[in-house]
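Undergrad: here's a sequence, model it:
(chains A and B)
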Amino acid sequence: MSTLNMSRRQFLKTTGILGGGLVIGFSMTGCSSNELPIRLAPQGFVPNAFLQITPDNGIRFYCPRDEMGQGVTTGLGTLIGEELDVHPKNMEILFAGVHSDYKNPDFGVQGTGGSSSLKAHYLQLRQVGANTRGLLVAAAAQDLGVAAGAISTHDGHIVVAGKRYPYGQFVQTAATLEAPTEAPLKSNAEFRYIGQAFARVDAAAKSTGTAEFGIDIDIPNMHHAVVRRSPVAGAKLKSVDKTAALSMPGVTDVIEISSGVAVVAEKYWQAKTAAAKLAPVWAEVALSQVNSSDIRADYHQAMQQDEGVVDTDEGDIEAGLATADHIVEAEYWAPFLAHAPLEPMNAVVRIENGEADVWSGTQGIVAAQGLVSRFSGIPLEKVRAHNTYLDGAFGRRGTLTHVIEATEVAVASNKPIHLLWSREDDIQNGVYRPASLMKIKAGVKNDGSITAWQAKRVGGNITPKTLQNMMPALFPGLNDGTIDFMVGLSRDVFAGWMVDHASVEGLYEDYDTDNKTVNHVTVEHDIPLTFWRSVGHSYTSFAKEGITDELAEKAGMDPVAFRLRNTQGNPRLNNVIRVAQQHMLAMQPAEGRFLGFAAHHSFATDVAEIAEVSVVDKTIRVHKVTCIVDCGIAVNPDIVRAQMEGSVMFGLTAALYGDLELAQGAFQQSNFHDYPILKMHEAPQVEVIIIDSGTAPTGVGEPGLPPIAPAVASAVYQATGQRLRSLPLKIA
Amino acid sequence: MIEFTLNGQTVRTDDDPSTPLLWVVRDTFKLKGSKFGCGAGLCGACTMHIDNAAMRTCLMPISAVAGRQVTTIEGLGTLDNMHPLQTAWVEASVPQCGYCQSGQIMAAAALLKNNPSPTEADVDAAMSGNICRCGCYGRIKGTILNVAQQSLAHNAAQEQKA
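TA: Now for the predicted structure:
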């Protein structure tokens, strides 16, 4: 592969990116190369890390974020295309390789998540687009002998006196000029593509089976690997008799690796069949003795007996409770959940001549590069990491155990390896949304003011486990001992000194009160935990909105009016609730149907949802959901709608079905028959109302999820009089 | 050696007769559009047409398709020559991650072939075996109903002309 050398200084000079933290941030790997991972087309012009323009007017955009269905290729293509004046549908959009210029400006790491992409790249990619356009205009002015002021641009073309010249015509001259560093950006009123609801750029590939996912990678001499792992997380292989598997057709190797034992065969089905012949024996670990009932008992005991660590302490909670006319107090439960993205985990690793290639759909391809380097011993700069399309991911594809496995197998077998998990592996050997026991005690006056908000959460923390997964990937040079020490340190810090904010986010922030406390008790059972769509908000919203309904009832107020009264400190959330109230007042649910309401602020976005629900024979049916969202400028309103629709469905699956049960340390659910996903005939109609806004974009991929479970629970209360405080929702 | 028709072409394989059709199509014939999601016939990502009926292929052994007509998403339409459902899928921006969409489209195409004017309940029944984890159900359903309506209108117009 030919690559382009471009020093960091040159890059800064040509693009003049805004915001110091952006590219000046330290390199987490400590050895990032300055070579852009861009394949040069003949006479291709690469003005910066994000673009390549060819003389035949091919415009390639190297998308720095990962496309997992959230529409980031369309969204970021729109940002750069707006200022470059190229419609995203007329660009070739490629997934960027690993380079420090592709870091997520919000994270300082090349990763995708946290509903951050449009917000993080909003000014950066527009500035890159504007600077590049400025450069092309200067080149055209020179070549055509006209003043730059006489030139306008339109969809990949220079326009002079009504005549159109493709950008590609000027790239040779452009290459000799210096790009502007602060070309002016358009005002909102000048936007041509931002704010337009055109079709996603990846829709055709995804409707014809031609979008290439990690699982689809097929390279010469590729062998297939299937791994048997312990059903209990962290339990090592004690012994295995390899004979039966080795004698199966097509099998070439049976290899012990860090996570278990791998079978390698010429074809996947051969590997899968042979792996079933193995009867590995696993060591016992502490988790091997743990059942779901133990976890709940431990959480309850901690809730009662342990004060935990203080996250927030404002005002005087006791005084606040003392002035209340009514006090409500309740506990809420949310279970462990698997992400269950539809594409099971997979990776392809090829190691040849001291170099490596890795293909995998990830939420941070830099991590795949780091893991291959670490587990093969091949220097980072000799590991080429190729991102592909990935399924919804939902936080799951930030943990890349499958890349470690594929690397270990490729090294030991000396073959290019395609390693694939099964659905059972996915649900039983995954990384999970932490279970949570939450308790809120709150006071309210008869006038509807909240006098005190005392919240506490018991459960595991995602940050230490995430560090454990990410550090070996992001710091391939650090030895295991150092990583263990740092992970242990973070575990101790979050258990005893400070609160892992992801554990309590959303539990207390939204409503006005002078007196609030948030405490956290860490109780771990060695279950691997990680981000799961909307992270802490996925469970805190359920407790926070549930208790808010109860407060409203005590104060004798309508639950929506109560929320309006108590969001004076959050004007944008207040406005979303006000708009929702207008829609709700106009609704006339049919006989037997009830409306539930919830609102939540997460990822800098405000969302309110109204669920129309019936309960028949203890079955909860959600017929319609109306979603009101303020996410700043909706860069592509149709994609915002799609993300709200999808978040509602994802949240409903969790609200109605999502549950995992642990027996002797092993999760008992295994596939979609006992870990069901919402299906078409159960799916509500979703109407999305986007608040018109001129402010910079905020999160979209996750904020639609947190309100749905409490909105449905609220409707169930209207229907049955039952306050359901445990997820999934079950009518008593 | 098992012989069947794959997207109109006769193919032969010496894969073990118990191998599921999905893996023969993906690994032996290198058509990657049909996806693996559950391996248990529960999610529909592997849906293909076998003699015009939508079938889950992640469990179906190739011995069961000997001599039969198998159509995959690659045989339904291409980027340059899309099936009307695919065109409509793009216009409505149905896919999010897109992983399940081959299976969704194959299930929808079989439905419309056998029932050109489905009711909403017909669509629910035909599509309830296809999971979309991104939750694109509203768009999938709406698009199928639209395509059915357009094709009925188109046929009516053709008849009137004739």
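Undergrad: how about the contacts made by A:H673?
TA: B:A40, B:L42 (Cβ atoms under 8 Å, 6 or more residues apart in numbering or on different chains). In short, each C-beta sits where N, CA and C put it, glycine included.
Undergrad: repeat that for 10 Å
TA: B:C38, B:A40, B:G41, B:L42 (Cβ atoms under 10 Å, 6 or more residues apart in numbering or on different chains).
Undergrad: thought A:F672 was touching the second one, still the case?
TA: Yes. Look at B:A40 against A:F672 with Cβ atoms under 10 Å: they come within range, at 7.3 Å.
Undergrad: give me the three-state assignment for the residue nearest to A:S693 when sequence neighbours are not counted.
TA: Take A:S693 and drop its neighbours on the chain: the residue closest to it by Cβ to Cβ, 6 or more residues apart in numbering or on different chains is A:G632, 5.1 Å away. Three-state call for A:G632 (DSSP: H, G, I helix; E, B strand; the rest coil): coil.
Undergrad: include pLDDT and neighbour count when you put the contacts of A:H673 into TSV, please.
TA: Shown next, in TSV, are those (pLDDT from 0 to 100; neighbours: other Cβ atoms under 10 Å in any protein chain shown):
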residue	pLDDT	neighbour count
B:C38	98	27
B:A40	98	16
B:G41	98	19
B:L42	98	20
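Undergrad: which of those sit farthest apart?
TA: Spatially, the most separated pair among those is B:C38 and B:G41, at 7.4 Å (Cβ to Cβ).
Undergrad: anything in contact with each of those two?
TA: With Cβ under 10 Å, 6+ apart, B:C38 and B:G41 have common neighbours A:N671, A:F672, A:H673, B:R56, B:C58, B:L59.
Undergrad: what sits against the fifth one?
TA: The one in question is B:C58. A:423, B:20-23, B:34-47.
Undergrad: which residue sits closest to the residue of the stretch 101-250 of chain A found nearest chain B, ignoring its sequence neighbours?
TA: Here the stretch 101-250 of chain A gets closest to chain B at one residue, A:G209, 2.2 Å apart by Cβ to the nearest Cβ. The shortest distance from A:G209 to any non-neighbouring residue, by Cβ to Cβ, 6+ apart, is to B:G33 (2.2 Å).
Undergrad: pretty sure the one you found contacts B:L79?
TA: No. If you go by Cβ under 10 Å, B:G33 and B:L79 don't touch, sitting 11.5 Å apart.
Undergrad: which one's more surrounded, the two?
TA: A count of neighbours by other Cβ atoms under 10 Å in any protein chain shown puts B:G33 above the other of B:G33 and B:L79, at 22 against 13.
Undergrad: phi and psi next, for that one.
TA: The phi and psi values for B:G33, taken as degrees, to the nearest 10, are phi -70, psi -30.
Undergrad: got a pLDDT number for it?
TA: On pLDDT, B:G33 comes in at 98.
Undergrad: try A:P47
TA: 95.
Undergrad: what of A:N5?
TA: So A:N5 comes in at 42 (pLDDT).
Undergrad: still on that earlier bit, among the contacts of B:C58, which are in helices?
TA: A:R423, B:L21, B:L22, B:W23 (DSSP state H).
Undergrad: show me which residues of the lengthiest helix in chain B are buried.
TA: If you go by DSSP H, chain B has its longest helix at helix B:137-161. For helix B:137-161, burial by neighbour count (16 or more other Cβ atoms under 10 Å in any protein chain shown) applies to B:Y137, B:G138, B:R139, B:I140, B:K141, B:G142, B:T143, B:I144, B:L145, B:V147, B:A148.
Undergrad: can you tell me the average pLDDT over that helix?
TA: 92.
Undergrad: any idea how far the least confident helix or strand in chain B by mean pLDDT is from the chain center?
TA: Lowest on mean pLDDT, DSSP states H and E among the helices and strands of chain B sits helix B:137-161, with a mean of 92. Centroid separation for helix B:137-161 versus its chain: 18 Å, with Cα atoms, centre = their mean, to the nearest Å.
Undergrad: again with stretch A:642-662
TA: For stretch A:642-662 - counting by Cα atoms, centre = their mean - the centre lies 15 Å from the chain centre.
Undergrad: what does stretch A:319-332 give?
TA: 36 Å.
Undergrad: that stretch: end-to-end distance?
TA: For stretch A:319-332, the first and last residues are 25 Å from each other (Cα to Cα, to the nearest Å).
Undergrad: may I see the buried residues of that stretch?
TA: Buried, per 16+ other Cβ under 10 Å, within stretch A:319-332: A:G320, A:L321, A:A324, A:H326, A:I327, A:V328, A:E331, A:Y332.
Undergrad: among those, which are located in strands?
TA: A:H326, A:I327, A:V328, A:E331, A:Y332 (DSSP state E).
Undergrad: show me what contacts the residue nearest the centre of chain B?
TA: For chain B, B:M106 is the residue whose C-alpha lies nearest the centre (Cα atoms, centre = their mean; 1.2 Å). Neighbour list for B:M106: A:209, B:33-34, B:44-49, B:54-55, B:57, B:71-73, B:75-76, B:83, B:85, B:130 [criterion: Cβ under 10 Å, 6+ apart].
Undergrad: cool, A:P341 as well?
TA: For A:P341, the contact set (Cβ under 10 Å, 6+ apart) comprises A:68-69, A:361, A:390-397, A:426, B:37, B:97, B:99, B:133-134.
Undergrad: please narrow the residues you listed to those residing in helices.
TA: Those of these lying in helices (DSSP H): A:D426.
Undergrad: in strands, which of the contacts of A:P341 fall?
TA: Going by DSSP E, the strands hold none of these.
Undergrad: picking up where we left off before, by contact count, what packs against the longest helix of chain B?
TA: In this structure, helix B:137-161 packs against helix A:637-656, strand A:685-690, helix B:84-91, helix B:101-114, helix B:120-127, with contacts taken as 3 or more Cβ pairs under 10 Å, 6 or more residues apart in numbering or on different chains; DSSP states H and E.
Undergrad: and A:P464, which of the ones you listed is closest to it?
TA: Between the helices and strands packed on helix B:137-161, helix A:637-656 lies closest to A:P464; by Cβ to Cβ that is 23.7 Å.
Undergrad: average pLDDT across that closest one?
TA: Mean pLDDT, helix A:637-656: 98.
Undergrad: in chain A, what secondary structure element scores lowest on mean pLDDT?
TA: Taking mean pLDDT, DSSP H and E as the measure, helix A:21-24 is the helix or strand of chain A with the lowest mean score, a mean of 25.
Undergrad: what helices or strands is the following helix or strand past that one leaning on?
TA: Counting by DSSP states H and E, the next helix or strand C-terminal to helix A:21-24 is strand A:35-36. On a contact count with 3+ Cβ pairs under 10 Å, 6+ apart, strand A:35-36 meets strand A:4-5.
Undergrad: now the common contact residues for B:G33 and B:L79.
TA: A:T208, A:G209, A:T210.
Undergrad: who's in contact with the first one?
TA: Residues near A:T208 by Cβ under 10 Å, 6+ apart: B:33, B:73-74, B:76-83, B:86, B:89-90, B:98, B:101-102, B:105.
Undergrad: now the buried members of these.
TA: Buried, going by 16+ other Cβ under 10 Å: B:33, B:73-74, B:76-77, B:82-83, B:86, B:89-90, B:98, B:101-102, B:105, out of the contacts of A:T208.
Undergrad: got JSON lines for those residues, with distance to A:G58 too?
TA: Shown next, in JSON lines, are the buried ones among the contacts of A:T208 (distance: Cβ to Cβ, whole Å):
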{"residue": "B:G33", "distance to A:G58": "26"}
{"residue": "B:I73", "distance to A:G58": "28"}
{"residue": "B:E74", "distance to A:G58": "26"}
{"residue": "B:L76", "distance to A:G58": "29"}
{"residue": "B:G77", "distance to A:G58": "26"}
{"residue": "B:M82", "distance to A:G58": "23"}
{"residue": "B:H83", "distance to A:G58": "28"}
{"residue": "B:Q86", "distance to A:G58": "25"}
{"residue": "B:W89", "distance to A:G58": "26"}
{"residue": "B:V90", "distance to A:G58": "22"}
{"residue": "B:G98", "distance to A:G58": "24"}
{"residue": "B:Q101", "distance to A:G58": "27"}
{"residue": "B:S102", "distance to A:G58": "28"}
{"residue": "B:I105", "distance to A:G58": "29"}
